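# Provided below are the primary sequence and the corresponding predicted coordinates.
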Amino acid sequence: MGFRQIQAPTLRELFVDQVIGMIFSGELKVGDRLPSERELSEQMHISRSMVHTGLEDLERMGFVRMEARRGNYIEDYARHGNFETLMALAKYGGEIDHAIESSLVEARGDRGRGDAPARRARHAGGYAAAACHYGRAARRRGCG
């Protein structure tokens, strides 16, 4: 039996986790404007660069829309998400209902960021099958 090294999450990962948790809990809703990066860094006691890279991660996952000089907004991940959105839903325990899965699979297909993982997942049995390998959502479904 071999044990693996335990790695603590980074501040950026903790920031991303907190924002996604607030989205899934309903505390942050689609269209809500987030505080400025400076305000977030002061409230959370982390650097602005950490906030900025965390917001970039959230944008890549489909949860946040960053608009230069205008602000950062909670995005409708069901409409604008991608394969990474599906993986985040599985990892963080968000609900993956049929409508969201269909939207992410059909509307995005192989376009945009995540093309290669999307192709690999389809060849391995689809998005839902790939999501079954991650997080609490997989355990709830009994496929992990």
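Perfect, thanks for sending it.

# what helix or strand is Arg65 on?
Assigned by DSSP states H and E, Arg65 falls within strand 64-67.

# can you list contacts of that strand?
Contacting residues not belonging to strand 64-67 are listed as 19, 34, 55-56, 58-59, 72-75, 80 [C-beta atoms under 8 Å, 6 or more residues apart in numbering]. For every residue, glycine as well, the C-beta is placed using N, CA and C.

# burial of His45, as a residue count?
The number of residues packed near His45 is 7, by other C-beta atoms under 10 Å.

# Next one: it from Arg70, what distance?
His45 sits 26 Å away from Arg70 when distances are taken as C-beta to C-beta, to the nearest Å.

# from what I can see Gly71 touches Gly31, true?
No. Contact between Gly71 and Gly31 fails when scored by C-beta atoms under 8 Å: they sit 11.3 Å apart.

# So the two - more neighbours on which side?
Legend: neighbour count by other C-beta under 10 Å for Gly71 and Gly31, higher for Gly71 (13 against 10).

# Would you mind stating the distance between that one and Pro9?
Relative to Pro9, Gly71 is positioned 27 Å away (C-beta to C-beta).

# likewise Arg33?
27 Å.
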